[in-house]
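Novice: predicted model and sequence follow; I will ask about them next.
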Amino acid sequence: MHSATWHARIACGNEVGAGFLIAGRRVLTCAHVVRWRDSAAVTVTFPHARELGELSASVVAHGGWAGAVTDPGDVAVLELDRAVPLAPAGFAPPDAAYTEPYPKLIAYGFPEGYDEGTLAEYQAVSPQLIAGEWLELVAWNGHGQPLVAGFSGAAATLPDGTVVGMVTAASDSPDVRKGRMLPLDVMARYWPELGELVPTPGHRYDARRRLYALLRRAAADAGRGCDPNRMYVDAVGAFGPPLPPGGFPSLWAAAGYVQWEVPDPEAVSRFADRLSELLDGEPALPRQTPSARSAPSAHSAPSAGPPSPASLPTSAAPPMPMAPATSVAPAWSPVVVEIDHSGAGPDQVTVEVSAYREGRRRPVGARRLPRTGVRAYVQSRIDEAVAHLAPDADELVTFVLPREWLNEAVARWECGADDSTPLGCAYPLVVTDRARHHSGRLRHQLRKKWQKLDLGGGVEVHRIECGTRERPPSLRKRLWDGEAGLAGFAAPPTAARTHFEVGLTVPVPVLLWRRTGSPCPAHEVASCPGAGPEEPPCSGTAFLDQLTASVADVPLAELPRHILSLRMTADADDEPDRHWARDLQLLWDDPRCFPETTASLHSPVA
């Protein structure tokens with residue numbers, strides 16, 4: 001790396017500056033050195049390879065520098081008229097210039113009287129950028145060569161010869177030995193292809209190389225409709241840095257931001273995977289981690305057992321025949337709508353819509369909204385989220401809700417302004433409690449419960465009758481001792497709050513209830529077949545009787561599809577409001593369908 005052959009002297013009219021070779025025909029320098037707006041003739045020489053003579057060059061890319069000393073984007077990429085047989089410059093990680101103790105930085109420039117070049121020694125003052133653009137430099141000691149005209153475009157190198165930036169300006173005062181340089185990540189902002197050459201901590205060289213090869217393919221193919229903003233949110237995940245204001249103008253800009261600003265070491269690979277899918281028209285093969293190789297995916301069935309049934313037709317039909325209770329869980333691909341309190345006021349919530357594909361969560365949209373705006377926002381994002389799923393995926397729309405929202409009629413929400421089909425009649429749709437969804441204890445216990453349930457056997461409906469006098473601690477023990485897989489409530493959560501909360505805090509995978517209706521007053525209830533021996537069962541008991549009969553032979557893993565069929569049947573009934581399943585709400589909770597969840601690092605804001 002100590003070879004100096006890649007240092008270049010740049011001449012453009014009366015302007016002389018420096019540059020550095022980065023490929024066989026490519027040289028980096030300052031835009032102001034080559035006066036790129038004037039289309040002036042540019043010549044390049046390499047003082048340590050004089051036998052190459054003068055080479056003509058043209059500006060093939062620039063950073064949009066507007067002409068003033070403090071204007072941003074003072075970067076130009078030159079293309080030589082022929083390739084040169086010289087080793088190009090090598091690059092250091094972007095923070096190497098200001099890692100304690102701050103290293104000496106050496107610039108090779110061509111001030112007046114030094115056509116062969118001379119060296120200046122400087123160091124960075126701080127990692128703080130000036131105006132988001134430059135690192136400030138000060139002289140390494142009080143004497144020696146100052147930064148003057150002729151150093152613009154010079155590579156700032158570490159003592160080992162690797163490049164950390166480019167000198168762009170010096171102080172006008174002869175008594176102040178200061179200057180400025182563009183660090184590598186800022187230079188890549190204006191010429192993104194530089195990112196392939198710079199070692200970025202956390203991002204492997206092979207991953208960077210693959211990403212930039214795909215970006216070049218996309219550029220040659222006019223992008224193939226790749227939306228850089230969606231590509232970004234796919235790559236960083238639900239809890240990565242939000243989109244910057246205004247989004248990204250190009251795929252190159254989005255990829256560069258992922259490389260330079262996103263700490264997740266897998267983000268570059270995810271960006272490349274998604275881009276490969278779009279360019280090739282087929283899903284990229286998932287990259288396996290050691291844990292993924294040692295255990296089945298949450299979305300893959302064990303080798304034993306029959307395949308998942310086909311999706312239910314989107315017309316009203318009686319419940320389809322179900323597989324025996326020994327069948328394994330379908331490979332559900334969830335579309336998740338997560339709602340939470342925003343902290344900005346009692347009426348303000350955050351809504352995040354995402355889709356799971358190949359075990360990864362792919363964000364689709366996030367926004368802070370008043371409660372009245374949630375339905376319309378979800379309607380506008382559901383179709384987009386479903387489009388992220390694999391073509392043969394069994395979609396499962398899952399609403400992760402605050403506890404006071406669990407009785408919300410989300411299954412009755414229309415699909416959209418132009419489609420009045422209820423969401424619960426268009427997709428298998430379930431809800432779950434947000435606190436439960438993020439509880440490590442319950443996730444662990446529920447996984448163990450599902451492993452037992454997958455072994456087969458009938459599933460008993462643990463009934464919580466309307467107006468029950470059972471004490472909540474007794475109910476908790478009953479559900480634990482009975483290894484409950486399904487609890488059915490005769491009354492809405494608002495009418496049986498303490499009993500319902502017990503159901504949420506024990507590892508019962510499925511809760512079913514009717515959203516509407518009034519319970520029998522407790523003082524009228526004995527065993528509650530009705531108000532008296534000659535009376536018919538009350539509405540709550542009748543609901544549980546119908547429910548118990550309906551789900552008797554249905555494996556819990558198939559319940560979302562079965563409830564979809566029931567909702568469609570109720571909606572098609574001549575008197576839908578009187579059908580027992582009209583307001584059926586299903587809390588269905590299989591942690592194997594979802595990757596591990598972590599706390600959000602930011603609050604999405606519109």
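Specialist: Yep, it's here.

Novice: and residue 137, how many neighbours does it have?
Specialist: By other C-beta atoms under 10 Å, the residues close to residue 137 number 27. Quick note: C-beta positions are derived from backbone N, CA and C, even for glycine.

Novice: same thing with residue 393?
Specialist: Each residue near residue 393 was counted by other C-beta under 10 Å, and the total is 20.

Novice: residue 576 too?
Specialist: 13.

Novice: from residue 280, how far out is it?
Specialist: Distance, residue 576 to residue 280, by C-beta to C-beta, to the nearest Å: 46 Å.

Novice: straight-line length of stretch 34-49, end to end?
Specialist: 21 Å (C-alpha to C-alpha, to the nearest Å).

Novice: list the buried residues of it.
Specialist: Residues 34-36, 42, 44-47, 49 are the ones in stretch 34-49 that count as buried (16 or more other C-beta atoms under 10 Å).

Novice: just give the nearest non-adjacent residue to residue 590, would you?
Specialist: Closest residue in space to residue 590, ignoring its immediate chain neighbours: residue 450 at 5.7 Å, by C-beta to C-beta, 6 or more residues apart in numbering.

Novice: in what helix or strand does the one you found lie?
Specialist: In the assignment (DSSP states H and E), residue 450 maps to helix 440-453.

Novice: circling back to that earlier point, surely the residue nearest to residue 590 meets residue 588?
Specialist: No. If you go by C-beta atoms under 8 Å, residue 450 and residue 588 don't touch, sitting 11.1 Å apart.

Novice: shared neighbours of those two, which are they?
Specialist: Contact criterion C-beta atoms under 8 Å, 6 or more residues apart in numbering; residues shared by residue 450 and residue 588: residue 509.

Novice: and the helices in the stretch 101-250 of the chain?
Specialist: 184-190, 205-220, 228-236 (DSSP state H, counting those that start in this stretch).

Novice: let's have the ones you listed in JSON lines, adding mean pLDDT and distance to residue 466.
Specialist: JSON lines is the format used below for the helices of the stretch 101-250 of the chain (pLDDT from 0 to 100; distance: least, C-beta to C-beta, whole Å):
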{"stretch": "helix 184-190", "mean pLDDT": "92", "distance to residue 466": "64"}
{"stretch": "helix 205-220", "mean pLDDT": "87", "distance to residue 466": "58"}
{"stretch": "helix 228-236", "mean pLDDT": "85", "distance to residue 466": "45"}
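
Novice: find the centremost residue of the protein, please.
Specialist: Among the residues of the chain, the one closest to the centroid is residue 237, at 1.6 Å (C-alpha atoms, centre = their mean).

Novice: excluding residues flanking it in the chain, which one is nearest that one?
Specialist: Using C-beta to C-beta, 6+ apart, the closest residue to residue 237 is residue 361 (5.9 Å).

Novice: what comes up buried for the strand or helix carrying that neighbour?
Specialist: Assessed by DSSP H and E, residue 361 sits inside strand 360-370. Neighbour-count burial for strand 360-370, counted by 16+ other C-beta under 10 Å, picks out 360-369.

Novice: out of those, which is nearest to residue 594?
Specialist: The shortest approach to residue 594 among those belongs to residue 361, at 7.9 Å (C-beta to C-beta).

Novice: between residue 450 and residue 588, which is the more surrounded one?
Specialist: Using other C-beta under 10 Å as the criterion, residue 450 and residue 588 rank with residue 588 on top: 23 against 20.

Novice: what values do phi and psi take at that one?
Specialist: phi -130, psi 130 (degrees, to the nearest 10).

Novice: now do the helix or strand just after the strand holding residue 361: everything it contacts.
Specialist: Remark: after strand 360-370, the chain's next helix or strand is helix 374-386, criterion DSSP H and E. Residues outside helix 374-386 that contact it (C-beta under 8 Å, 6+ apart): 335, 337, 339, 349, 351, 353-355, 364-365, 367, 369, 395, 397, 413-417, 423, 427.

Novice: hmm, try it at 7 Å
Specialist: Residues outside helix 374-386 that contact it (C-beta atoms under 7 Å, 6 or more residues apart in numbering): 335, 337, 339, 349, 351, 353-355, 364-365, 367, 369, 395, 397, 413-416.

Novice: what's the weakest-modelled helix or strand in this protein?
Specialist: Lowest by mean pLDDT, DSSP states H and E among the helices and strands of the chain is helix 290-294, with a mean of 32.

Novice: and the very next helix or strand once past it, C-alpha only, in PDB?
Specialist: Sequence-wise, the next helix or strand downstream of helix 290-294 (DSSP H and E) is strand 332-341. Extracted C-alpha coordinates of strand 332-341, given in PDB (Å, rounded to 0.1, in the frame of the first residue of the first chain):
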ATOM      1  CA  TRP A 332     -48.900 -19.600   7.400                       C
ATOM      2  CA  SER A 333     -47.400 -16.400   6.000                       C
ATOM      3  CA  PRO A 334     -48.600 -13.600   8.200                       C
ATOM      4  CA  VAL A 335     -49.500 -10.100   7.200                       C
ATOM      5  CA  VAL A 336     -49.300  -8.200  10.500                       C
ATOM      6  CA  VAL A 337     -51.100  -5.000  11.500                       C
ATOM      7  CA  GLU A 338     -49.600  -3.800  14.800                       C
ATOM      8  CA  ILE A 339     -51.300  -1.000  16.700                       C
ATOM      9  CA  ASP A 340     -49.900   0.600  19.800                       C
ATOM     10  CA  HIS A 341     -50.300   3.800  21.800                       C
END
